[in-house]
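**Student:** Make a model of this:
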Amino acid sequence: METLRYDVNLSVLFTELPLLERAAAAKAAGFDAVEMRWPFPTPEPSDRELDTLRTAIVDAGAGSSRRLRRR
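**Tutor:** Residues are numbered from 1 along each chain as shown. Alright, predicted model coming up:
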């Protein structure tokens, strides 16, 4: 039987925490992957903003750096 995998939406859960702490909270709660609505105030965030978010997610173990790239 195939195991189901659930992602947690950080725009909905763990909102009591700052954005950069939510991925670690999700991992601690047992989630292996995260998703979210666009968290930036502009359509084109800076590379630094993207890198900071990417690092927080990957360091928490809740995402892969290859899936978190600017398109």
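
**Student:** ok, longest helix in this protein?
**Tutor:** helix 47-60 (DSSP state H).

**Student:** Any buried residues in that one, and which?
**Tutor:** Under the neighbour-count criterion of 16 or more other CB atoms under 10 Å, helix 47-60 has 53-54, 56-58, 60 buried. Quick note: C-beta positions are derived from backbone N, CA and C, even for glycine.

**Student:** from these, which single one is nearest E21?
**Tutor:** When the buried residues of helix 47-60 are compared for distance to E21 (CB to CB), A56 wins out at 7.6 Å.

**Student:** State the distance from that closest one to V34.
**Tutor:** Going from A56 to V34 by CB to CB, to the nearest Å gives 10 Å.

**Student:** which residues do these two both contact?
**Tutor:** Shared contacts of A56 and V34, defined by CB atoms under 8 Å, 6 or more residues apart in numbering, are found at A23.

**Student:** before we move on, back to that, what's the longest helix of the chain packed up against?
**Tutor:** When contacts are defined as 3 or more CB pairs under 8 Å, 6 or more residues apart in numbering; DSSP states H and E, helix 47-60 packs onto helix 19-28.
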